[in-house]
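1. Pasting the sequence and the predicted coordinates here, then a few questions.
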Amino acid sequence: ERRTLARLRDVPAITRDGVRLLLQANIELPSEVDSVLAAGAEGIGLFRSEFLYMNRDDLPDEDEQYQVMRTVVERMDGRPVTIRTLDVGGDKLAHSLGIIPGPNPALGLRAVRLSLARPELLDIQMSAILRASVHGPVRILVPMVATIDEVSAVRAARDRAAQRLRQAGSPLPDPLPPLGVMIEIPGAALSADSLAGHADFFSIGTNDLTQYTLAIDRADEAVAHLYNPLHPAVLRLIQFTAEAANRARIPVGVCGEVAGDPRYAGLLLGLGIHDLSMSATNIPVVKKRIRTLDHIQSRGFAQQVMGQGDPVRIGQLLEQFNRDA
Ligand code: PEP
Ligand code: MG
């Protein structure tokens, strides 16, 4: 079994009828790059930059962030690295960032809202990311976007950072790294058709999308049994987002936990997702599953699922689809 998985590293994630999927890795720390490469990831689909800020009292400056990002980009050796800007706030890291947590941290000053409220944080990150992008393909990903305004403001911050670096004589790639939007707020998913005109790519964060759609705190044990990405509301948001992106011809991926679960691969493919980012350890099993799938059949299966309103029934259909494999 272990040998089969090792062999899988060098074969493509392709369905039986020849549809190619992109499998990338999620990382939190640069030390994970070894396992990312060992798993055969085609890139890093989500580098959670907030981990640079954790377990310390001070804040990482531009140079420190640049050095870490550059190391990751260089070690990925030409494979794309998607760096997400700071996704903290509310209760997380409130101390070192000097934030007073609001009454509902999950709905408060967090992620891109914090980056825009504290432009010095965003400027530092943009400069570090742009400098790292000289060493290999980099994409910028913005967490918790709800509106077009936020995307435009972050794009302006990227362009200002580029201007500063150019004036200082630093080399920069041309074009600048693309700017992608995380779709993880239901309102963002429902306006994915509008957002698609302002984003270079989408990455669907199913962890938060499920949390906010079902009003289930993803970290609360007491309601964990109610947390279900197979709820038709969540699936409709994924489908609407995928269709909007495909129509606008921008790439769309999924980087939440479901991306790393082989049981979801056929459903996501059938909903129009060809790009999955997950913990490196899950890449072999997901790839193995994809190589048994048929794209046309997956589309039919997704259609069948989308005709169902009962999450329990959807769970049964999924189980059956995977058993038949
Ligand atoms: C998500 O919300 O699905 C996601 C990938 O981001 P995080 O888990 O870091 O919130
Ligand atoms: Mg999230």
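-> Received it, and whenever you're ready, just let me know what you need. Ligands and ions are numbered 1, 2, ... in the order given.

2. which bits of the stretch 201-325 of the chain sit near ligand 1?
-> Gly205, Thr206, Asn207, Asp208, Cys255, Gly256 (CB under 6 Å from any ligand atom). C-beta here means a position set from N, CA and C on the backbone, and glycine is covered the same way.

3. would you turn those into a markdown table with pLDDT?
-> Shown next, in a markdown table, are those (pLDDT from 0 to 100):
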| residue | pLDDT |
| --- | --- |
| Gly205 | 98 |
| Thr206 | 98 |
| Asn207 | 96 |
| Asp208 | 96 |
| Cys255 | 98 |
| Gly256 | 97 |
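
4. Which ones among those residues lie within strands?
-> In strands, judged by DSSP state E, none of those are found.

5. what's the most distant pair in those residues?
-> Across those, the longest distance by CB to CB is 10.6 Å; it joins Asp208 and Cys255.

6. These two: who's more crowded?
-> When neighbours are counted by other CB atoms under 10 Å, Asp208 and Cys255 differ, and Cys255 comes out ahead with 27 against 21.

7. Helix, strand, or coil at the residue nearest to the more buried one when sequence neighbours are not counted?
-> Sequence neighbours aside, Ser277 is the residue nearest to Cys255 in space, at 4.1 Å (criterion: CB to CB, 6 or more residues apart in numbering). The local conformation at Ser277, judged by DSSP: H, G, I helix; E, B strand; the rest coil, is strand.

8. quick one: pLDDT of Ser277?
-> Per-residue pLDDT puts Ser277 at 99.

9. And Ile100, by the same measure?
-> 82.

10. I'd like to know how many residues surround it.
-> 7.

11. Roughly how far does it sit from Leu109?
-> Ile100 sits at a distance of 9 Å from Leu109 (criterion: CB to CB, to the nearest Å).

12. What number of neighbouring residues does the residue in the stretch 51-200 of the chain that ligand 2 sits nearest to come out with?
-> Proximity of the stretch 51-200 of the chain to ligand 2 (CB to the ion) peaks at Glu184, 4.7 Å away. Neighbour count of Glu184, defined by other CB under 10 Å: 27.

13. Quote the end-to-end distance of stretch 3-22.
-> One end of stretch 3-22 sits 22 Å from the other (CA to CA, to the nearest Å).

14. Quick check: Ala192 touching Phe240?
-> Yes. In this structure, Ala192 is within contact of Phe240 by CB atoms under 8 Å, at 6.0 Å.

15. more crowded one of the two?
-> Ranked by neighbour count (other CB under 10 Å), Ala192 and Phe240 place Ala192 first, with 24 against 17.

16. Next, see if stretch 276-292 gets close to ligand 2.
-> No. Looking at stretch 276-292 against ligand 2 by CB under 5 Å from the ion, there are no contacts, and the closest approach is 12.3 Å.

17. quick one: buried residues of that stretch?
-> By 16 or more other CB atoms under 10 Å, the buried positions in stretch 276-292 come out as 276-280, 282-291.
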